[in-house]
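Engineer: How does the following fold in three dimensions:
(chains A and B)
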Amino acid sequence: MSNLHLVRRADYSIKRVVIYYVIGILISLSIGAILLMSLNINPLEYYGRMLTMGMVGNSFAYKSVESLIKIFVPLLITSLALGLAFKMRFWNIGGEGEFLAGAICASVVAFNSKGMNPFITVVLMCLAAMISSGLIGLAVAALKVKFNTNETLMTLMLNYIMLYVIKYLGDTKADWNFFLREDSERPIFGEFPENAEMGGITIGFFTLQYSLIVAIILTVLIYFYIKKTKHGYEISVVGDSAATAKYAGMNVGWIVLRTMFISAALIGLAAGLATSTAGTVSDSITNNVGWTGIIVAWLSKLSIPAIFVTSILISVLQYGCRAAATQYPAIDSNFADLLQGIILFSVLMADFAATFKIAKREDASNV
Amino acid sequence: MFDVITLFLSSVIIYSIPLLYGTTGEIMIEKSGSLNLGVEGTMAIGAVAGYVAACRTNSLFVGVLVAFISAALVGAVFAFLTVTLQANQNVTGLTITTFGVAFYYFLGNGLSNSEGGWPMLGNTTLAAQFADIKIPLLSDIPVLGPVLFTKNILVYFGVLIAVLMWLYFAKTVPGLKLRAIGENPGAADSLGINVTLYKYIHIMIGSGIMGIGGIYMGLNMGGTFEGSNCWINGYGWIAIALVIFANWSPARAILGTVVFGLFSTLRVYNVAFATAFPGVLGWLNKIPAHFFSALPFIITLIVLILSSMRKNSSSGEPAAIGRNYYREDR
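Structural biologist: Model prediction:
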């Protein structure tokens, strides 16, 4: 038998975690560089283009920032929402499905909103999205509380059920189907009337969309919700140990229902904002935030400020790869996913190195 | 008239066997107490690596072997992260899916833009090795013969794996020990079973089996690489659903595979059926194809909820599933 074994480190140092994480990310980028070189692509040039997102020497650089924000806002809100559920050890991996449900309901409002006040329209869209997504989350939580049904698998199934619902809406030409364009023979999703589109503050050519402001305010609110309120405290106790929470007199079932409703409703809000920003709906409206959000929340160790920063970095990675893909035919935007995967693997290893250490097994006779 | 039925049932078998590989592989992993959500990615990596190797060597055997080994290596990554490093299983599995599908596109795009280009299947000897094999006598039975006994070698192999795995769980000592680990790793450990070793081996073999399902799908698609569509196309997720539907039994997985295959094939054949039997099956025309696509997930959701409501002891779900085992937390 080897006389080495793993022990949990007694102390927890933020500095150590950060250093290990940075090393992990650097290693991942090096692996990415090797992969790029195997395609005869200069990795420095590629990473350069990725990080600058094709903005250098481009008089339309402000467009890139606007596109980046469009990726960033839904990702940030979804990651925050998923993080809330994960903190409670509730495996809501149904971000995709909840997002799609929200997007569908927001579109129902949008397509029927002709002539309404723009502000009221967008608010109604977001409310419809939040309620529909929130109810799905609530149903899952209720089954979990009542029958202990596996929530991971339940939410996973819902992702695909919702995906086929929206595909059905997008492919079915019928009188009742107001989702589609009327002037087209082929089924195509229609565009929202102008009053359902997200406005913004115009600065020169650049439009700062209101959704970004909403997302930032939301981040601050959720930070205080988790850190300063009784609700936030209850979530973390349930996450640590449901038994402890129960013996402390907390109503665990109620906490799970409430938190899961909020988590799913926030994803609905992200969907409402995203559809309004896009001005239309489609089965790819989620941009995979339900999946990426899980990675973001985990990379950030469920810390709210870290989720904010990580969402920016992942958005840059995704948009940057998309922008760089136009320059290199041998590689497509999926390279972002590849890098994302490698980064998460290395960070998981870094995380392990920061929480465990290898120690010599002590001889039993010494104890 | 019988032609439609024969053709339909034949397609059911051809298109659902990859599901059987994914499902049996996932059952083996889940029986060890680990929930691997990376089926889709593992199959994608096995598919692309196996297919390229098969084309380069013109040998189906080498292709299947490479598919198995490459997917098993992905399994090794999952095992290393979750068993040794105690990382979260959901997150690790989902990342394997993201990574695996992205790797598929990476290799596919890279090869398509290289000098040699993407290897084509065409009329190579490889394609001949994947052709249907007629089993003497049995293949002469009407309807059943062409449906069950005139299939490519990977169909038979998939069924063989499922049967062998069923025997392994039910009749052998290592199978029993594996199930013990899935139920209660602490108790298994105290009986002197090497939990870590068992988990590693079974996660790797299970992933390898998924990889064979991957190369099957690639060959089934004629080996054409499209920049926008992955060969696996959601089959990995259906396989995860199927594990629940099959109640974690490899034998029931064969049945479940045919049932789920029936739905996904009906998606294509509903119009043909409605035309062939307008009286009895005319209504099939009215059901949208998307409903058949969603049906496996809807049924699994219902099964999942109903079985948790009943809470009977006949459920094959390993009790310790999804939870990492850290000896010193015991």
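
Engineer: List the contacts of A:G293.
Structural biologist: For A:G293, the contact set (CB atoms under 8 Å, 6 or more residues apart in numbering or on different chains) comprises A:L75, A:T78, A:S79, A:A81, A:L82, A:G95. Yep, even glycine has a C-beta here, placed from its N, CA and C like the rest.

Engineer: If we use 7 Å, what do you get?
Structural biologist: Applying CB atoms under 7 Å, 6 or more residues apart in numbering or on different chains to A:G293 gives the contacts A:L75, A:T78, A:S79, A:L82, A:G95.

Engineer: Now the buried members of these.
Structural biologist: By neighbour count, with 16 or more other CB atoms under 10 Å in any protein chain shown, those hold A:L75, A:T78, A:S79, A:L82, A:G95 as buried.

Engineer: Could you dump these into CSV and include pLDDT?
Structural biologist: CSV is the format used below for the buried ones among the contacts of A:G293 (pLDDT from 0 to 100):
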residue, pLDDT
A:L75, 96
A:T78, 97
A:S79, 97
A:L82, 96
A:G95, 94
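
Engineer: How many neighbouring residues does A:E191 have?
Structural biologist: With neighbours defined by other CB atoms under 10 Å in any protein chain shown, the count for A:E191 comes to 15.

Engineer: Looks like it contacts A:V281 (just checking).
Structural biologist: No - using CB atoms under 7 Å, A:E191 is not in contact with A:V281; the gap is 9.6 Å.

Engineer: still on that earlier bit, go through the contacts of A:G293 and name the one nearest A:M125.
Structural biologist: Of all those, A:M125 sits closest to A:T78, with 16.9 Å by CB to CB.

Engineer: For that closest one, which non-adjacent residue is closest in space?
Structural biologist: Leaving out its chain neighbours, the residue that sits closest to A:T78 by CB to CB, 6 or more residues apart in numbering or on different chains is A:G293, at 3.9 Å.

Engineer: can you pull the pLDDT of the one you found?
Structural biologist: pLDDT for A:G293: 94.

Engineer: hang on, it in a helix?
Structural biologist: Yes - assignment of A:G293 by DSSP: H, G, I helix; E, B strand; the rest coil places it within a helix.

Engineer: So the residue of the stretch 51-200 of chain B found nearest chain A, which state does it fall into?
Structural biologist: Residue of the stretch 51-200 of chain B nearest chain A, by CB to the nearest CB: B:F99 (2.8 Å). Classification of B:F99 by three-state DSSP places it in helix.

Engineer: Report how many residues lie close to it.
Structural biologist: B:F99, neighbours per other CB under 10 Å, totals 27.

Engineer: Tell me who's in contact with it.
Structural biologist: Contacts for B:F99 were tallied using CB under 7 Å, 6+ apart; they are A:L338, A:G341, A:I342, B:G41.

Engineer: which ones are touching the residue of the stretch 201-350 of chain A found nearest chain B?
Structural biologist: Distances between the stretch 201-350 of chain A and chain B by CB to the nearest CB are smallest at A:G341, namely 2.8 Å. Going by CB under 7 Å, 6+ apart, A:G341 touches B:T95, B:T98, B:F99, B:A102.

Engineer: doesn't it fall inside a helix?
Structural biologist: Yes - with three-state DSSP as the criterion, A:G341 is assigned to a helix.

Engineer: Leaving out the residues flanking it, which one is nearest to it?
Structural biologist: Ranked by CB to CB, 6+ apart and with sequence neighbours excluded, the top spatial neighbour of A:G341 is B:F99, at 2.8 Å.

Engineer: pLDDT wise, what is the one you found at?
Structural biologist: For B:F99, the model assigns a pLDDT of 94.

Engineer: B:K151 too?
Structural biologist: 82.

Engineer: count of neighbours near it?
Structural biologist: 22.

Engineer: Just give me the neighbour total for B:I305.
Structural biologist: 16.

Engineer: Output the helix or strand harbouring it as PDB, restricted to C-alpha atoms.
Structural biologist: Counting by DSSP states H and E, the element that carries B:I305 is helix B:289-310. Included here for helix B:289-310 are C-alpha records, laid out as PDB according to Å, rounded to 0.1, in the frame of the first residue of the first chain:
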ATOM      1  CA  ALA B 289     -43.200  15.000 -36.400                       C
ATOM      2  CA  HIS B 290     -41.900  17.000 -33.400                       C
ATOM      3  CA  PHE B 291     -44.300  15.200 -31.200                       C
ATOM      4  CA  PHE B 292     -42.600  11.900 -32.000                       C
ATOM      5  CA  SER B 293     -39.200  13.500 -31.400                       C
ATOM      6  CA  ALA B 294     -40.300  14.700 -28.000                       C
ATOM      7  CA  LEU B 295     -42.100  11.500 -27.000                       C
ATOM      8  CA  PRO B 296     -39.100   9.700 -25.500                       C
ATOM      9  CA  PHE B 297     -38.500  12.600 -23.200                       C
ATOM     10  CA  ILE B 298     -42.100  13.000 -22.300                       C
ATOM     11  CA  ILE B 299     -42.500   9.300 -21.500                       C
ATOM     12  CA  THR B 300     -39.300   9.300 -19.400                       C
ATOM     13  CA  LEU B 301     -40.500  12.300 -17.500                       C
ATOM     14  CA  ILE B 302     -43.700  10.500 -16.700                       C
ATOM     15  CA  VAL B 303     -41.800   7.300 -15.800                       C
ATOM     16  CA  LEU B 304     -39.500   9.300 -13.600                       C
ATOM     17  CA  ILE B 305     -42.300  11.000 -11.700                       C
ATOM     18  CA  LEU B 306     -44.500   7.800 -11.300                       C
ATOM     19  CA  SER B 307     -41.700   5.700 -10.100                       C
ATOM     20  CA  SER B 308     -40.700   8.300  -7.500                       C
ATOM     21  CA  MET B 309     -44.300   8.400  -6.400                       C
ATOM     22  CA  ARG B 310     -44.600   4.700  -5.900                       C
END
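
Engineer: Could you check how far it is from the centre of its chain?
Structural biologist: 18 Å (CA atoms, centre = their mean, to the nearest Å).

Engineer: go on, stretch A:190-204?
Structural biologist: For stretch A:190-204, the distance to the chain centre is 23 Å (CA atoms, centre = their mean).

Engineer: The residue lying farthest from the centre of chain B and A:A350, how far apart?
Structural biologist: For chain B, the largest distance from the centre (CA atoms, centre = their mean) belongs to B:G279, which lies 36.5 Å off. From B:G279 across to A:A350, the span is 66 Å (CB to CB, to the nearest Å).

Engineer: Poorly predicted segments of the chain, please.
Structural biologist: Reading this off chain A. Within chain A, the segments meeting pLDDT under 70 span A:1-3, A:54, A:56-59, A:361-367.

Engineer: could you do chain B instead?
Structural biologist: Residue ranges of chain B with pLDDT under 70: B:1-2, B:123, B:311-314, B:329-330.

Engineer: Quick check: residues of it near chain A?
Structural biologist: B:77, B:81, B:85-88, B:90-92, B:94-95, B:98-99, B:102-103, B:105-106, B:109-110, B:113, B:227, B:237, B:240-241, B:244, B:288, B:290, B:293-294, B:297-298, B:300-301, B:304-305, B:308-309, B:322 (CB under 7 Å from any CB of the partner chain).

Engineer: Thanks a lot, catch you later.
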